[in-house]
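Asker: Turn this into a structure:
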Amino acid sequence: MTKGDEAAYAKFYDHYFDRLRRYLLVLTRGNEDASREALQSALLRVVRHIKVFASDEVFWGWLTVLARTALFDQTRKRRRYLSFLDRFTRQAQIVPAPQKEPDTKLLDLLEGGLALLPADERQLLEAKYLDGSSIQEIAANLQTSEKAVESRLVRVRRNLKAMLLGQLKHEE
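Answerer: Presented below is the predicted three-dimensional model:
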């Protein structure tokens, strides 16, 4: 294995894989996911740091140390991650904003803008949005077509919007 021989690694794998897995299952108290991750990490460490050992017992001792440290590193990493998530969620907790009353400033601007409109345009908006009249009803009352009422509403809304935006921009 020290020379990168795949057959030697396959022999090592066949001989020690189940033994290491059982060892890690005992250490993790039966947690298969944690033991599997630690085993993967331990096997990577074996490949990176393999050397010649005097006996099988010494080699097994070295493998158990690698497996335990892989498990401890994994546990520390998981704790750090969970601690980070805990800190992150504490900082990111959204405090609900207190319920505000309707923006009186905007309502005042809207009422002022309506007061500045010509009487016929103001009555058109009031009929549509305050009284809840339909386009058909407004057209019948004004003795005009529905299309004409819709066009006038679009024009009046556009003018009122421009007036309000100008006032808001001026206040900033």
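Asker: can you pull the contacts of E126?
Answerer: Residues in contact with E126 (C-beta atoms under 8 Å, 6 or more residues apart in numbering) are L114. For glycine as for every other residue, the C-beta is placed from the backbone atoms N, C-alpha and C.
Asker: Give me the pLDDT value at it.
Answerer: For E126, the pLDDT comes out at 88.
Asker: Also L110?
Answerer: pLDDT for L110: 82.
Asker: neighbouring contacts of the helix or strand harbouring it?
Answerer: Using DSSP states H and E, the element containing L110 is helix 104-116. With C-beta under 8 Å, 6+ apart as the test, helix 104-116 has contacts from 122, 125-126, 160, 163-164, 167-168.
Asker: Would you indicate which residues of it are buried?
Answerer: 109, 113 (16 or more other C-beta atoms under 10 Å).
Asker: for stretch 29-48, same thing?
Answerer: Buried residues in stretch 29-48, counting neighbours by 16+ other C-beta under 10 Å, are found at 34-35, 37-39, 41-43, 45-46.
Asker: picking that back up, format the contacts of helix 104-116 as JSON lines; extra columns: secondary structure and distance to Q91.
Answerer: Converted to JSON lines, those look like this (DSSP: H, G, I helix; E, B strand; the rest coil; distance: C-beta to C-beta, whole Å):
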{"residue": "R122", "secondary structure": "helix", "distance to Q91": "50"}
{"residue": "L125", "secondary structure": "helix", "distance to Q91": "47"}
{"residue": "E126", "secondary structure": "helix", "distance to Q91": "49"}
{"residue": "L160", "secondary structure": "helix", "distance to Q91": "43"}
{"residue": "M163", "secondary structure": "helix", "distance to Q91": "43"}
{"residue": "L164", "secondary structure": "helix", "distance to Q91": "38"}
{"residue": "Q167", "secondary structure": "helix", "distance to Q91": "39"}
{"residue": "L168", "secondary structure": "helix", "distance to Q91": "34"}
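Asker: Tell me which two in those are the farthest apart.
Answerer: E126 and L168 (22.4 Å; C-beta to C-beta).
Asker: helices or strands next to the top helix by length along the chain in the packing?
Answerer: With secondary structure taken from DSSP state H, the chain has its longest helix at helix 56-91. With contacts defined as 3 or more C-beta pairs under 8 Å, 6 or more residues apart in numbering; DSSP states H and E, helix 56-91 has these neighbours: helix 6-27, helix 32-49.
Asker: Could you tell me the angle between that helix and helix 6-27?
Answerer: Computed by axes from the mean of the first three to the mean of the last three C-alpha atoms, to 10 degrees, the angle separating helix 56-91 from helix 6-27 equals 60 degrees.
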